[in-house]
Structures are given as structure tokens and as C-alpha cells.
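[1] The following comprises the amino acid sequence and a computationally predicted model.
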Amino acid sequence: VQLVESGGGLVQPGGSLRLSCVASGFTFSSFDMSWYRQVPGKERELVARITSLGGRTNYADSVKDRFTISRDNTKRTVYLQMNSLKSDDTAVYYCNALHMNWRNINFWGQGTQVTVSS
């Protein structure tokens, strides 16, 4: 099982980034996919989630109307489009896969750093 994130980096406030997470080793379409983020000294927080077939999404209040989560089950990939980035968005972003039925089955990626700074 692997979740490999990419797309992080340094961006100025107001800029945009798109994160990608490519999955392998499990039935991607059976899993809800999420993006979490974490800064040092704080708990990991849910940023956005999309259901297994992409029919429903939900977002943290802090990113609503700025971030968009999407998935392509044919490419086994989940995306996070991040617009109007703020310094508070600086964090390590992690991809998570959670089985749609068996909620004790979940996988994590290694994380990708996003830094918003001028």
C-alpha cells in the first residue's frame, strides 16, 4: 500500500498550489479520500474529504471557498486545489484513505510541505 503526495512547495500569499496523491496497493474506489494538515505542536486536522465515488465533499471552515478536493478513480489520484493561500495554510499536508465501510482500515501518505510566505 502506498500513498504518494506531490505538489507542495513555497508560494506567496494569495497564490495557488495543486496537491496530488497517487494511490497503489488497494482498491482506490472503495475508499473515501481526505487531505489533512499538521503544523508543529498542533494536532493533525482534516482539511477536506471526498467520498469513494466522488459524490460528496466536505471542508474545514478555514478553507471553504478556497480549496477544492477532487478525485479521478481511473488514475487512482486525489487532488487538492488550493487558491488564495494564506500564511495560516503553511503546514505538512497528508493524504489519507479510509475504507468506505470498514472504518478501521485507513492509510496515510508521507506528507508534503506547503509554505506560504512572501
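    Right, received. Where do you want to start?
[2] is it true that residue 53 touches residue 30?
    No. No contact is recorded between residue 53 and residue 30 when judged using C-beta atoms under 8 Å, the distance being 9.6 Å. (Each C-beta comes from the backbone N, C-alpha and C, glycine too.)
[3] Report the beta-bridge partners for residue 94.
    residue 36 (DSSP bridges).
[4] show me where this structure has strands.
    For the chain, applying DSSP state E gives strands covering 2-6, 9-11, 17-24, 31-38, 45-50, 57-59, 67-72, 77-82, 91-99, 106-108, 112-116.
[5] Pipe the ones you listed into TSV and attach mean neighbour count and mean pLDDT per row.
    Output for the strands of the chain, formatted as TSV (neighbours: other C-beta atoms under 10 Å; pLDDT from 0 to 100):
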stretch	mean neighbour count	mean pLDDT
strand 2-6	17	97
strand 9-11	14	98
strand 17-24	19	98
strand 31-38	22	98
strand 45-50	18	98
strand 57-59	14	97
strand 67-72	18	97
strand 77-82	23	98
strand 91-99	21	97
strand 106-108	15	97
strand 112-116	18	98
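[6] circling back to that earlier point, look at residue 53 and residue 30 and report which has more neighbours.
    Between residue 53 and residue 30, counted using other C-beta atoms under 10 Å, residue 30 has the larger neighbour count: 15 against 12.
[7] Number of residues surrounding residue 65?
    As a burial measure, residue 65 scores 9 neighbours (other C-beta under 10 Å).
[8] what does the model give it for pLDDT?
    pLDDT recorded at residue 65 is 96.
[9] Distance check, the nearest residue to residue 114 once chain neighbours are set aside against residue 72.
    Nearest residue to residue 114 in three dimensions, chain neighbours excluded: residue 8, at 4.8 Å (C-beta to C-beta, 6 or more residues apart in numbering). To residue 72, residue 8 is 19 Å away according to C-beta to C-beta, to the nearest Å.
[10] repeat for residue 34
    16 Å.
[11] Which residues are in contact with residue 110?
    Shown in contact with residue 110 (C-beta atoms under 8 Å, 6 or more residues apart in numbering): 3-5, 94.
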